[in-house]
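J.: next input, structure requested:
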Amino acid sequence: MADAGLLIGWERVVPGRETHAVELWGEMLVYLKTLHAEGHIDRFEPVLLGAHGGQLNGFVLVYASQERLDAVRNSEAFLVLNVRANKTLDGFMVVRAHVGEEAARILRLYATA
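T.: Model (predicted):
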């Protein structure tokens, strides 16, 4: 059961790299579907944000145990996708996400600090 998340986000496509960005998006979805089918992640959710004037314009939220996410994040396939994304997307980020009971625990700690 997923007790952790990984946010893979971006600001915008580097000008002139639009075609490559579309190809990379497709490859990322295939990669995540494979990870899900093989049991490395519990699920994932791609999100495209509407115009809002902010810096985050889209992200994928990946759910799994922290141990499985750490293994994915350190895999060569994930690192290669990261390198390619950094060359294609401005503001590319990969951030640990606290979800479910872990988010509740963090909020309880915040309330007592």
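J.: the strands in this protein, which residues?
T.: Under the criterion DSSP state E, the chain contains strands at 4-10, 12-13, 43-48, 58-64, 89-90, 93-97.
J.: okay, how far is it across stretch 51-58, tip to tip?
T.: End-to-end distance for stretch 51-58, by C-alpha to C-alpha, to the nearest Å: 10 Å.
J.: same deal with stretch 70-78?
T.: Stretch 70-78 has an end-to-end distance of 11 Å (criterion: C-alpha to C-alpha).
J.: go through this structure and flag its longest helix.
T.: If you go by DSSP state H, the chain has its longest helix at helix 18-37.
J.: helices or strands up against it?
T.: strand 43-48, strand 58-64, helix 76-88 (3 or more C-beta pairs under 8 Å, 6 or more residues apart in numbering; DSSP states H and E). C-beta: built from backbone N, CA, C; applies to glycine.
J.: who's in contact with the residue nearest to residue 100 when sequence neighbours are not counted?
T.: Once flanking residues are discounted, residue 100 sits nearest to residue 3: 5.8 Å by C-beta to C-beta, 6 or more residues apart in numbering. Shown in contact with residue 3 (C-beta atoms under 8 Å, 6 or more residues apart in numbering): 65, 66, 99, 100, 101, 102.
J.: for residue 3, give its distance to residue 103.
T.: Going from residue 3 to residue 103 by C-beta to C-beta, to the nearest Å gives 10 Å.
J.: run a quick neighbour tally on the residue nearest to residue 89 when sequence neighbours are not counted.
T.: Among residues not flanking residue 89 along the chain, residue 10 sits closest, at 4.1 Å (C-beta to C-beta, 6+ apart). Using other C-beta atoms under 10 Å, residue 10 has 21 other residues around it.
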